[in-house]
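[1] Sequence plus the predicted model coming up.
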Amino acid sequence: MAGAIWAITESGDAGLKSISFEVIACGHALAEALGSPLEAVVMAADGSAAAEALATKRMQAVRVIEDPALAPYTPDAYTAALAQAIEAESPSLVLFPHTYQVRDWVPRLAAEIDAGFISDVIAHRVDGDETVFVRQPYQGKLNSDCVFAGDGPNIVSLQLGAYLADDAAAGDGAAEIVKQPVDLAGAASRTEVLETFQEVADRVDLSRAEVIVAVGRGIGKKEQIPIVEELSEALGAQLAASRPVCDNEWLPMDRQIGSSGQTVTPKLYVAVGISGAIQHLVGMKNSDTIVAINKDPNAPVFSISNYGIVGDLFEIVPELTNQIREAKGTG
Amino acid sequence: MKIAVCIKQVPEGDARLKIDADGISIADADLATEINESDQYALESGLRLAESQGGEVVVVCLGPDRAEEAIRRALAMGAERAIHLNDPAFQGGDAAATAHALAAAIERENVDLILTGLQSDDAGWAQTGPILAARLGWPSATLIMEIEPEGDTIKVKRELEAGWFQWVRLPLPALLTIQSGISTVRYATLKGIMGAKKKEIAKVTPADIGLAPDEVGGAGRKTRTTRLYVPEKATGAEIIEGDTATAVATLVEKLQKEAKVL
């Protein structure tokens, strides 16, 4: 296999995002299995700091695509820049983190260069000549194996947390840093960036909570929220929610756990009426102890929980509240 | 303002999913379906824009015969008419093949704006919208939480990660993918449901939109799903059995003595 594997990194205001190293970790595993060189790619107005951090990891080279048009991010500039680089260097496989930003521009890139794109991948395996990528369709209820129909260039995006940043091994010496020239003069961005801001300044910080009771769509309606509020009070917990609960305004948006909300790691996480769509699980799966209460025995939330009770939450939760109160009262 | 809204029919959120004999799709028999959640929000956004700005909403849907149920519902909510890409050749596509077909169908409609959901609740590629925009050569913005039309341009609020947002401006025509929760989705009224029966659904084949059958569906895809399966539960929860009082008592004891979190 000749073509290189590219690991595309992402930077934010605080520099290189740690998910970039998850992409490197996947890149290492694939490069080894396929006998291909691994190269990291930095895209920025000034990529020197990110490039030096990446160069400590084991890889053939760090390619730096630098242009003033790459800050602030716009889909047109990023698509034009990477399309030019891919055309010039012909990597066989291009890996991305499945971030909101990647979802904004990488499908456009795939269309632009006529590439296959397998998104939101959680694992891979090499079966003889074929590299198989595993996804979680149907909101995480099922797995699917996917392969590319053509020779490439091919694109994969990796679900956050699917690969471990710590597995991105250090190299023997610093990898070579290569400037990758692009010409964005003819690729003016049609997107005008006006303002970037955080919506709620004094939002509830759930990341410090030791105990969280989270409620999902299974609660049915806003009038039934007090059932979980009482459990939350009995446990001395913070009340949180999955996205549909906040979308329906049963609880405020700043109580939301998951990819579009907060990421938490409490000692105890009680998931009530939450089926466990992957967007929710990524925000809480690293909690120490997870309890799930759900009527559907096949709900994905059970697969990442320590304890589960299958049944009617409207019976189980009030009983749990009572018994917790008793346990705390006598304990 | 003429707006195309792309919708997909997907299994209902808590539908029992049975894997089909083909090993790569969900069995159709007795499957409860709905309009993909974020597509419902896209439709609601389109209807609100048409109401405030004047204009019409055209619903575009690629799917088999049964997708007509989803299309009728969209018409009952207030869309003017629909285009149904319904042909065996369209089936089995990935996001690239589907977006290619949608682009050809929408190109002849001269719309100012295309709205899609941010991703489907079944395949979940989160690709079809931006690929469709790229195919048409239009700008796009994703995960939209607010829309302010400004004549020839449109100002939109994008959701970023971890509670951050961003306002951007795009020239029209443009494509937006809509985030769930942007507004409250209306119910179809009885009058709407009755009226929807008389609205036009144009059934479209690849030839009708100038495409060869091998450009779309399974023949036009760039990725292939080889297997669909129930994931093996590596660890999984210890399921506590018994009547409610007993199960809860066991749970409380385990939280105290095993997990030591109470």
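    Nice, I can see it.

[2] For chain B, give me its nearest residue in the stretch 151-300 of chain A.
    A:Asp247 (3.4 Å; Cβ to the nearest Cβ). C-betas here are computed from N, CA, C, even on glycine.

[3] Dihedrals phi and psi, that residue?
    Backbone geometry at A:Asp247, expressed as degrees, to the nearest 10, gives phi -60, psi -40.

[4] Could you check which helix or strand contains the residue nearest to it when sequence neighbours are not counted?
    Computed as Cβ to Cβ, 6 or more residues apart in numbering or on different chains, the closest residue to A:Asp247 that is not its neighbour in sequence is B:Gly181, at 3.4 Å. Using DSSP states H and E, B:Gly181 falls within no helix or strand.

[5] Count the neighbours of B:Gly181 for me.
    The number of residues packed near B:Gly181 is 21, by other Cβ atoms under 10 Å in any protein chain shown.

[6] A:Lys267 too?
    The tally of other residues near A:Lys267 (other Cβ under 10 Å) stands at 15.

[7] which residues does it contact?
    A:Glu210, A:Val211, A:Ser287, A:Asp288, A:Thr289, B:Val261 (Cβ atoms under 8 Å, 6 or more residues apart in numbering or on different chains).

[8] ok, now B:Gly23?
    Here B:Gly23 is in contact with B:Arg227, B:Leu228 (Cβ under 8 Å, 6+ apart).

[9] One more: the one 10 residues further on?
    For B:Thr33, the residues meeting the contact criterion (Cβ under 8 Å, 6+ apart) are B:Gln9, B:Val10, B:Pro11, B:Glu12, B:Ala15, B:Arg66, B:Glu69, B:Ala70.

[10] Could I get the CA-only coordinates of stretch A:323-331 as PDB?
    What follows is stretch A:323-331, C-alpha atoms only, in PDB (Å, rounded to 0.1, in the frame of the first residue of the first chain):
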ATOM      1  CA  GLN A 323     -35.800   3.700  50.000                       C
ATOM      2  CA  ILE A 324     -32.900   6.200  49.500                       C
ATOM      3  CA  ARG A 325     -34.500   8.500  52.100                       C
ATOM      4  CA  GLU A 326     -34.800   5.600  54.500                       C
ATOM      5  CA  ALA A 327     -31.300   4.500  53.800                       C
ATOM      6  CA  LYS A 328     -29.900   8.000  54.400                       C
ATOM      7  CA  GLY A 329     -32.200   8.500  57.400                       C
ATOM      8  CA  THR A 330     -31.100   5.400  59.200                       C
ATOM      9  CA  GLY A 331     -27.600   5.100  57.700                       C
END
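
[11] What residues of it count as buried?
    A:Gln323, A:Ile324, A:Ala327 (16 or more other Cβ atoms under 10 Å in any protein chain shown).

[12] repeat for stretch B:219-239
    B:Gly220, B:Arg221, B:Lys222, B:Thr223, B:Arg224, B:Thr225, B:Leu228, B:Pro231, B:Ala237.

[13] Would you mind measuring the gap between the ends of that stretch?
    Taking Cα to Cα, to the nearest Å, the first and last residues of stretch B:219-239 lie 44 Å apart.

[14] Report the rounded mean pLDDT for it.
    Taken as a whole, stretch B:219-239 has an average pLDDT of 87.

[15] what about that stretch and chain A, touching?
    Yes: against chain A, stretch B:219-239 shows contacts by Cβ under 8 Å from any Cβ of the partner chain at B:221-231, B:233-239.

[16] Distance from that stretch to the middle of the chain?
    With Cα atoms, centre = their mean, to the nearest Å as the basis, stretch B:219-239 stands 21 Å off its chain's centre.

[17] same deal with stretch A:104-119?
    18 Å.

[18] how about that stretch: buried residues?
    So for stretch A:104-119, counting by 16+ other Cβ under 10 Å, buried means A:104-113, A:115-119.

[19] now swap in stretch B:192-199 and tell me
    B:Gly192, B:Ala196, B:Lys199.

[20] can you give me the offset of it from its chain's centre?
    Worked out by Cα atoms, centre = their mean, stretch B:192-199 lies 22 Å from the chain centre.

[21] Show me what the mean pLDDT comes to for that stretch.
    What stretch B:192-199 shows for mean pLDDT is 96.

[22] contacts for it?
    B:Arg72, B:Arg73, B:Leu75, B:Ala76, B:Met77, B:Gly78, B:Ala79, B:Glu80, B:Arg81, B:Ala82, B:Ala188.

[23] could you dump the residues you listed to CSV with secondary structure, neighbour count and pLDDT?
    Formatted as CSV, the contacts of stretch B:192-199 follow (DSSP: H, G, I helix; E, B strand; the rest coil; neighbours: other Cβ atoms under 10 Å in any protein chain shown; pLDDT from 0 to 100):
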residue, secondary structure, neighbour count, pLDDT
B:Arg72, helix, 18, 97
B:Arg73, helix, 21, 97
B:Leu75, helix, 24, 98
B:Ala76, helix, 20, 98
B:Met77, helix, 23, 98
B:Gly78, coil, 21, 97
B:Ala79, coil, 26, 98
B:Glu80, coil, 16, 97
B:Arg81, strand, 14, 97
B:Ala82, strand, 25, 98
B:Ala188, coil, 17, 94
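
[24] got the contact list for A:Gly273?
    A:Gly273 touches A:Val215, A:Gly216, A:Arg217, A:Gly218, A:Ile219, A:Gly220, A:Ile293, A:Asn294, A:Lys295, A:Leu313, counting by Cβ under 8 Å, 6+ apart.

[25] Actually, A:Val147.
    So A:Val147 contacts A:Glu130, A:Thr131, A:Val132, A:Phe133, B:Thr223, B:Arg224, B:Thr226 (Cβ under 8 Å, 6+ apart).

[26] Which helix or strand contains the fourth one?
    Under DSSP H and E, the secondary-structure element containing A:Phe133 is strand A:130-135.

[27] could you pull out the helices for chain A?
    Secondary structure of chain A by DSSP state H: the helices cover A:19-34, A:48-55, A:75-89, A:100-113, A:225-235, A:243-247, A:278-281, A:313-330.
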